[in-house]
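Student: Let me see the structure of the following:
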Amino acid sequence: MRRILVKGAGVAGLTVAHELAARGASVTVAEIRSQIGGNASWLAGGMLAPWCERESAEEAVVTLGKTSADWWERTLPGLVTRAGTLVVAHARDAFELARFAARTRAYESVNEEAIAALEPDLAGRFRQGLFFVGEAHLDPRRALEALAGELRAMGVVFLFEAGEAALSDFDQVIDCTGIARTDDDLRGVRGEMLLLHTCEVSLARPVRLLHPRHPIYIVPRADHHFMVGATMIESDHDGPITARSLMELLNAAYAVHPAFGEAEIVETGVGVRPAYPDNLPRVKRRKDGTITINGLYRHGFLLSPAVADQAASLLFNSSADLESDNEADRQRRSA
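Tutor: Next comes the predicted model:
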């Protein structure tokens, strides 16, 4: 039985640990924090929205991400909500909706009446939109905690507040530490989010508001909580949210529904997401034999199942060239 150390308990580390354990490996997950959470994955939106993401991403994101909802539902039954994604814009920004539609697919055009049927609380607020019926979402925090519990049931060992484990105790090390790992091609992309609470709004699915400068998404969570995100700033600074970003996110949420202006701000958060120049993930083998999974950018929950499956499959095929044959590279070259 292979003894494998996975470094990092974010979404990449936990998904690859699951795929390795499912193939019969003895897996240990080492995390520098004291518990699950506190990383970029903890602050994610949890949208499993490959067709929406195509608006600003390469076709590989659709190819790798279109089965992610199935993986999460199969692994953690009951945690995935398959209600689609609603994309809207105010009348003055109708050109943004046309641009979004031209860059995506697998949607239905919806009018004011259809929007009201999908989201009654948005009745009369938007004249037209796009409904991506095949998309889904989950609560990242519930998913991470549930996945960690599933891994423990599979025999995976967790080492929290872990330093450098004795590498001689393991046959293989897989590094999933994200932006904490040094890589010449890796950059940080800062994302800021809000968690709001209001009983005056109900949403059944993620709603994306298009805007020339401040597009946002609002993802419903339990008990009338809403995650509002997210900025994309080319920076690896992980300090607190800025006043400007806070105002922009709140103003955009207010533009979706005025009741968000009276919402309680439960939490603000900042996560630095690792990205390669093309914003696609990589599975690499370093000279010391360590395998790295990195560069999931803003697509952690969407792409981690496919990337984890790829890494696990390649690990159990010793003849494979991990860096040159990774699926994201092939998809990028063929796009």
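Student: in the strand or helix carrying Ile115, what's buried?
Tutor: Secondary structure assignment for Ile115, by DSSP states H and E: helix 112-118. Neighbour-count burial for helix 112-118 flags Ile115, Ala116, Leu118 (criterion: 16 or more other C-beta atoms under 10 Å). C-beta here means a position set from N, CA and C on the backbone, and glycine is covered the same way.
Student: Can you give the domain ranges for this protein?
Tutor: The domain map for the chain lists 3-45+139-182+278-334, 85-133+187-275, with the assignment taken from automatic domain parsing.
Student: can I get the buried residues of helix 112-118 in TSV with pLDDT and distance to Gln128?
Tutor: As requested, the buried residues of helix 112-118 are exported to TSV (pLDDT from 0 to 100; distance: C-beta to C-beta, whole Å):
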residue	pLDDT	distance to Gln128
Ile115	98	8
Ala116	98	12
Leu118	98	13
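Student: The domains of the chain: which one's closest to Glu59?
Tutor: domain 3-45+139-182+278-334 (6.6 Å; C-beta to C-beta).
Student: Put the alpha carbons of the helix holding Ile115 into CSV.
Tutor: Only the C-alpha atoms of helix 112-118 are listed here, as CSV (Å, rounded to 0.1, in the frame of the first residue of the first chain):
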residue,chain,number,x,y,z
GLU,A,112,-39.0,39.8,-16.9
GLU,A,113,-41.8,37.3,-16.3
ALA,A,114,-39.4,34.3,-16.4
ILE,A,115,-37.0,36.0,-14.0
ALA,A,116,-39.9,36.7,-11.5
ALA,A,117,-40.9,33.0,-11.8
LEU,A,118,-37.3,31.9,-11.0
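Student: got the contact list for Glu96?
Tutor: If you count contacts by C-beta atoms under 8 Å, 6 or more residues apart in numbering, Glu96 has them with Ala89, Leu210, His211, Pro212, Pro215.
Student: What count of nearby residues applies to the last one?
Tutor: By the criterion of other C-beta atoms under 10 Å, Pro215 has 19 neighbours.
Student: Correct me if wrong: it contacts Arg208.
Tutor: Yes: in this structure Pro215 lies within contact range of Arg208 using C-beta atoms under 8 Å: 6.9 Å.
Student: circling back to that earlier point, show me which pair in the contacts of Glu96 is furthest apart.
Tutor: Of all pairs drawn from these, the one with the longest distance (C-beta to C-beta) is Ala89 and Pro212, at 9.8 Å.
Student: Between these two, tell me which one has more neighbours.
Tutor: When Ala89 is set against Pro212 and neighbours are counted by other C-beta under 10 Å, the residue ahead is Ala89, at 25 against 11.
Student: Could you measure from that one over to Arg127?
Tutor: Between Ala89 and Arg127 the distance, using C-beta to C-beta, to the nearest Å, works out to 9 Å.
Student: Same question for Gly155.
Tutor: Distance of Gly155 to Arg127, given as C-beta to C-beta: 54 Å.
Student: between the two, which one's more packed in?
Tutor: Looking at Gly155 and Arg127 with other C-beta under 10 Å, you find the greater number of neighbours at Arg127, namely 15 against 10.
Student: how about the nearest residue to the more buried one, chain neighbours excluded?
Tutor: When the adjacent residues along the chain are set aside, Arg127 lies closest to Glu112, with 5.0 Å between them (C-beta to C-beta, 6 or more residues apart in numbering).
Student: Equivalent analysis for Ser304, please.
Tutor: Nearest-residue entry for Ser304: Thr15, 4.3 Å, with adjacent residues in sequence omitted and distances by C-beta to C-beta, 6+ apart.
Student: Would you verify that that neighbour is located in a strand?
Tutor: No: secondary structure of Thr15, determined by DSSP: H, G, I helix; E, B strand; the rest coil: helix, with no strand assignment.
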